[in-house]
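Colleague: Provided below for reference: sequence and predicted model.
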Amino acid sequence: AHTFFTREGSRMNRLFLIFVCVLTSACTLSLSERSGTAGFAVPKEETAQARALLLGDWYGEKTHDDGVLQRWHVKRAADGSYLIHFLITNPDGSNEEWAEAGIWGVRKPIYFTAVRAFVGPEGTQAADTTDYGLYDAYSIVNLTEDEFTYKSYTSGNEFTLKKVAETFRLTAAQNGSAKP
């Protein structure tokens, strides 16, 4: 007969207790990994500061390898919405223009956007939110009061924006010479 009060029973109790402790530790680690807290400890203050810095109007431009000049003006609101106006100038001098509206957010070191609508001369057209191409995530490379550089996780492209006045407007007449 086996009882908990024998020498053998005492050893079994200790083994059982060790087993329970190991199992509990493993479950705790597993839960923290699922909730996203393991290995991703960025102070909330850093994220809040980054979010505050990103509010307002920003201007960026990039000349691609094929000679296409891409310019954009984005306005980010505190409610997590954004409106971005794109102006593309092709090597032949022709222009393409469109706008997107969506949601944005930051959880440092990640900046992300999700397109919800396209805005054009005919009005606003809802985006297909099942299209994974309308969701973007970026690594924040540099963020100050007047400059924001971020890198796309999918394409590897890096973009730099400058803070501009709320009255700034992107126009084709600027032709790549916009001064923020």
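Modeller: Nice, I can see it.
Colleague: roughly how far is the host helix or strand of residue 82 from the heart of the chain?
Modeller: Per DSSP states H and E, residue 82 falls inside strand 81-89. Distance of strand 81-89 from the chain centroid (C-alpha atoms, centre = their mean, to the nearest Å) equals 17 Å.
Colleague: Repeat that for stretch 154-174.
Modeller: On C-alpha atoms, centre = their mean, the centre of stretch 154-174 falls 17 Å from the chain's centre.
Colleague: Now do the buried residues in the strand holding residue 82.
Modeller: Residues 82, 83, 84, 85, 87, 88, 89 are the ones in strand 81-89 that count as buried (16 or more other C-beta atoms under 10 Å). Just so you know, the C-beta spots here come from the backbone N, C-alpha and C atoms, and that holds for glycine as well.
Colleague: Could you spell out the sheet neighbours of it, each with its direction?
Modeller: Strand 81-89 sits in its sheet next to strand 69-76 (antiparallel), strand 95-107 (antiparallel), going by DSSP bridges.
Colleague: Counting neighbours, which bits of the longest one end up buried?
Modeller: This means strand 95-107. 99, 100, 101, 102, 103, 104, 106, 107.
Colleague: Next, the nearest residue to the last one once chain neighbours are set aside: phi, psi?
Modeller: Read it as residue 107. Spatial nearest neighbour of residue 107, excluding adjacent residues (C-beta to C-beta, 6 or more residues apart in numbering): residue 47 at 5.5 Å. Main-chain torsions, residue 47, degrees, to the nearest 10: phi -70, psi -40.
Colleague: show me the contacts for residue 47.
Modeller: By C-beta atoms under 8 Å, 6 or more residues apart in numbering, the residues touching residue 47 are 106, 107, 108.
Colleague: could you check the distance from the last one over to residue 64?
Modeller: Taking C-beta to C-beta, to the nearest Å as the criterion, residue 108 is separated from residue 64 by 28 Å.
Colleague: Am I right that residue 78 is in a helix?
Modeller: No. Per DSSP: H, G, I helix; E, B strand; the rest coil, residue 78 lies outside any helix segment and is coil.
Colleague: count of residues packed around the nearest residue to it once chain neighbours are set aside?
Modeller: With sequence-adjacent residues excluded and distances taken as C-beta to C-beta, 6+ apart, residue 78 is closest to residue 55, at 5.9 Å. Residue neighbour count, defined by other C-beta atoms under 10 Å, stands at 13 for residue 55.
Colleague: do the same with the one 4 residues further on
Modeller: Applying other C-beta under 10 Å, we find 20 other residues in the vicinity of residue 59.
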